Structures are given as structure tokens and as C-alpha cells.
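> Structure, please.
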Amino acid sequence: MKKVNVKKVFGSELKELMRLLSSSGKECYIVGGAVRDLLLGYKNFNDIDLTTSLSVEQLKQILDKNQIGFDDRALKYGCLTVSNQKRNFQITSFRKDIRTFGRAADIELVENIEEDAKRRDFTINAIYCSHSGEIIDPLGNLEDLNKIKLDFIGDPEFRIKEDYLRILRFFRFVAVLDLKDENVASKNLPIIKKHINGISDLSYERVASEIRKILLARSPTFALILMNKVDLYKKLLGIYSQAALLKLEKLENRYKLTPSLVRRLLALDIKTSIPLMTKREKKYFNQLTNLLGLDHNPNYLGYKFGERASIDLLIIKEIKEGLIIKAKDIEKIKNASRKIFPIKFSDVNPLTKNLNITKEKIKLMETFWISSGFKASKEKLLSLSS
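Numbers count the residues shown, from 1 in each chain. The predicted structure follows:
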């Protein structure tokens, strides 16, 4: 395999950090998602995981000596985080788990990269990239990555019981990597189903983070179908409707829409006690919920509420109420969202000299203007005030 140009792909700051750690004579590698995504052809790498045979004490000494700030709140897990304005570099010492307690574990630091690889969750996440750009595959998992095959490292039941969050991570990778039947080791599904109640022991924050990533994937349909097969959809998201799920993805693809958590929650009628939405998303959720009772009028919707909300509303209404969206409806919405009402307050108030009457007149003119398909002239609209 060709070597990776670490500086070009991951940036000069990471290259320099790896050089610094490697200059001690110890090993330092990029591992996990960044290497996986690089080999799969993705180009954006936000948070990057590093692993090293340095102990945490040695790590701290090197970073302190070179005046590099770090966060040591996860120190007991053998982990430090170096941050810049754009990215986080999480640096973890080689380790193996001695005893596990769901999310927590007693660990032992090791200097063997194979031992470090064995404790990782999935085969596609146990591939490393050295400071010099060499790809290291300690457990022989490149074949799984080349086939984009999702499988646990070692005994899947043991790995799940180590950390029940791996159940949700399994479905998250199905969603974000847009996997299909042939990419998923089906032997894992009965084992996952056996242990779904273990998710109840996880914090809301961790569960919500994984569910958000699933629901915001470009194509989450197959992941949600599999979640339903193991009874996890009902446990976390409510009533499952495959017809609604397939129709939603079809409509989103037809109109080239970016993933929207709110659109998907409303269209799929997802009801969960797990807090998934940000404040902004909650506001948008309430707006769309209130709009569901409005009549289907593309010109009115587009002008009053904008392109995004209007198209989301029509999609939700088609899925939940059987409304049929026509191509001309979408064009009307897009056109209406760009319209600017030609009448100003100062155009009307001198004619009426009464605030309430002015407001009523403007509302009447706006309604007439929308119903005319935005064709009524300013003169025509002003004539309505006489």
C-alpha cells in the first residue's frame, strides 16, 4: 500500500506533534476513525485519535517541556487531549482492559500495538498510520475495511458486554457508512438483540449523541431497519413504520435535501424520552408542528415561512397525511420565498391616519398580492385602501 502524506492529509500541526512524540524513541500512530475514513476516501478529519507506547507521565513531560497545552481530565484512562481552534487530538497510551464495567474499565498500559488493537471495538477501527505515513494493520483487518465489512473484534458478546454503547455505535456505522446487507456481519444481530437492555445503564448524553448521528446520517434507512429487527427502534424511538421510512428517504433524495433531525423526527413520528434536539432544533420543531394545520398553499407557505420550512412541511404532510407533492408546488415555494412585498407602512399610513386601520389594510393587500401569484402591482394594491 502507498504511504500516506501525513502533513498533506492531516495537517502540519498533527505531523509536528507526531514527530515530537516519536523523537523520544517510542511509537506514535493515528488510529481509528481518521485512518478508516482516509482509506475509504473521505477528506474531512475533525477529531483525530493518536495512540502511543509512551506512558501518560512521559506524555505530560514532553508536552509540558514543549509548552503544548493539554486537557488531562481523562488521565485515569491513559488519555490526554491537545486542542487547537479547529480540531482535537486525543492521545492515548497503548493499553488493554483488565476488567470492564459497562463504560468504565480497569486498564493496564502496554507497549505492544497488537494488544492495543485487540481492545478496540470494530475491525475497521483497528488500523493505524505511523508518523512516516505507513499503514499498520496489526490484526489483519484491511480486508474488512476494503469490503467495508462491519464486525466486532474478537467475541462480539464479550465486546458488547464490555461497553453497551458499542450496540449503538454498530448502528451508527451502518448509517454513516451507508452499509447494506452484504457489509454487515449478520451473526452479530442476535447477540445485539440479546443485550439491548444494557443500553439502559448508559447516560442519556451518550445515547443521545449516537442516536443523533444515526438520524443525521445521509441515508439512515438500513440502520433503522436493523434497529427494528433487534427491537431497539421501539425501545428508543417509538412506533416503527418502514413505509414512512422508505418514503422519507425517497422524498429527501428527490429534492436533494440535506439531513434534518427535526424533519425526520416529525415525519417518522419519533417520540422518545431521550433529549435529542438543541434549543434551535426545538424552536424549529415547534414551528413546524404549529404549521401542520395549515392548508396546502405553496405561495403562502413559501412567502411566509421560507423555502426550507415549507418543503419540510409538505414532506411531513405527504408522509403523515397522504398529501401529494407536485413539482410545481416546489417551484412555487422557491419562487415565493424570494418575493418582497412592495408595500411599506409609510405608503399606507398617510392614507388612513390610523395605526390599526393601516395594519388591517396592509394585511388585506398582502393577502390579495399572494393570491394574485405576486403579480398585483403596487398601484393596484394601494387602490384597495381607498
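> Tell me the spacing between the residue nearest to residue 151 when sequence neighbours are not counted and residue 194.
Distances taken as Cβ to Cβ, 6 or more residues apart in numbering place residue 185 nearest to residue 151, at 4.1 Å, with adjacent residues excluded. To be clear about C-beta, it is placed using only N, CA and C from the backbone, and glycine gets the same treatment. Residue 185 is 15 Å from residue 194, where distance means Cβ to Cβ, to the nearest Å.
> Just want to know which of these two has more residues nearby.
Legend: neighbour count by other Cβ atoms under 10 Å for residue 185 and residue 194, higher for residue 185 (15 against 12).
> how about the more buried one, what does it touch?
149, 150, 151, 152 (Cβ atoms under 8 Å, 6 or more residues apart in numbering).
> where does the stretch 1-150 of the chain dip in pLDDT?
Residues of the stretch 1-150 of the chain that meet the criterion pLDDT under 70 lie in 1-2, 85, 96-111.
> quick one: the helices in it?
6-10, 12-22, 33-40, 56-65, 113-118, 142-146 (DSSP state H, counting those that start in this stretch).
> Please identify which of those helices is closest to residue 250.
Shortest separation from residue 250 across those is recorded for helix 33-40, at 25.6 Å, computed as Cβ to Cβ.
> which residues touch the closest one?
4, 9-10, 44-45, 47-49, 124-125, 127-129, 135, 145, 148, 177.
> which among these end up buried?
4, 9-10, 45, 48-49, 124-125, 127-129, 135, 145, 148, 177 (16 or more other Cβ atoms under 10 Å).
> hmm, which two among those are most spread apart?
10 and 148 (21.7 Å).
> quick one: average confidence on stretch 241-254?
Computed over stretch 241-254, the mean pLDDT rounds to 96.
> domains for this protein, by residue range?
Following automatic domain parsing, one finds the domains of the chain at 1-147, 150-240, 242-339, 345-383.
> In the chain, spot the helix with the most residues.
Across the chain, the longest stretch assigned as helix under DSSP state H is helix 298-321.
> helices and strands around the helix or strand that comes right after that one, which ones?
The helix or strand immediately downstream of helix 298-321 is helix 327-337, counting by DSSP states H and E. Judged by 3 or more Cβ pairs under 8 Å, 6 or more residues apart in numbering; DSSP states H and E, helix 327-337 is in contact with helix 298-321.
> Please save the CA atoms from the helix it packs on in CSV.
Taking Å, rounded to 0.1, in the frame of the first residue of the first chain, the C-alpha atoms of helix 298-321 are listed here in CSV:
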residue,chain,number,x,y,z
PRO,A,298,-47.3,26.8,-1.8
ASN,A,299,-47.3,30.5,-2.5
TYR,A,300,-48.4,31.4,1.0
LEU,A,301,-46.1,28.9,2.7
GLY,A,302,-43.0,29.9,0.7
TYR,A,303,-43.5,33.6,1.2
LYS,A,304,-44.4,33.5,4.9
PHE,A,305,-42.1,30.7,6.1
GLY,A,306,-39.4,30.3,3.6
GLU,A,307,-38.2,27.5,1.4
ARG,A,308,-36.7,25.1,4.0
ALA,A,309,-39.7,25.1,6.4
SER,A,310,-42.2,25.0,3.6
ILE,A,311,-40.7,22.0,1.8
ASP,A,312,-40.1,20.2,5.1
LEU,A,313,-43.8,20.8,5.9
LEU,A,314,-45.0,19.4,2.6
ILE,A,315,-42.8,16.3,3.0
ILE,A,316,-44.1,15.7,6.6
LYS,A,317,-47.7,16.1,5.4
GLU,A,318,-47.2,13.7,2.5
ILE,A,319,-45.9,11.0,4.8
LYS,A,320,-48.4,11.6,7.6
GLU,A,321,-51.5,12.7,5.7
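> Compute the inter-axis angle for that helix and helix 327-337.
Put simply, helix 298-321 runs at 130 degrees to helix 327-337, going by axes from the mean of the first three to the mean of the last three Cα atoms, to 10 degrees.
> And helix 298-321, what does it pack against?
Using 3+ Cβ pairs under 8 Å, 6+ apart as the test, helix 298-321 ends up in contact with helix 242-254, helix 261-267, helix 279-291, helix 327-337, helix 355-371.
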